[in-house]
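>>> Sequence first, predicted coordinates after that:
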Amino acid sequence: MTFSLAIMVLTHQAKMAPTICPVVLGMILCLVMEGLMLFTAELITISFPVITLP
């Protein structure tokens, strides 16, 4: 009984893994892209007055 239950849980997780993994990877990728965009925007706003002043 417990053995078959363990197999069921394992197969269920194996079926769920392909759907969960891309979502998690997508979320991480979105966070990284957003962080890079914010970082570059801050760099531009910081360096812009320095470029335009002289």
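The structure has been received and is ready for your questions.
>>> How confident was the prediction at the most centrally placed residue in the chain?
For the chain, the residue nearest the mean C-alpha position is I28 (0.7 Å; C-alpha atoms, centre = their mean). Predicted confidence (pLDDT) for I28: 88.
>>> Next one: it from E34, what distance?
11 Å (C-beta to C-beta, to the nearest Å). C-beta: built from backbone N, CA, C; applies to glycine.
>>> Run through the residues that contact E42.
Applying C-beta atoms under 8 Å, 6 or more residues apart in numbering to E42 gives no contacts.
>>> Name the SS class of it, please.
helix (DSSP: H, G, I helix; E, B strand; the rest coil).
>>> sorry, back to before: distance of the residue nearest to the centre of the chain relative to C21?
11 Å.
>>> tell me the contacts of L25?
For L25, counting by C-beta under 8 Å, 6+ apart, there are no contacting residues.
>>> Tell me the secondary structure at it.
Going by three-state DSSP: L25 is helix.
>>> Quick check: which ranges of this structure have low pLDDT?
Where the chain drops to pLDDT under 70, the residues are 1, 13-14, 16-18, 20, 49-54.
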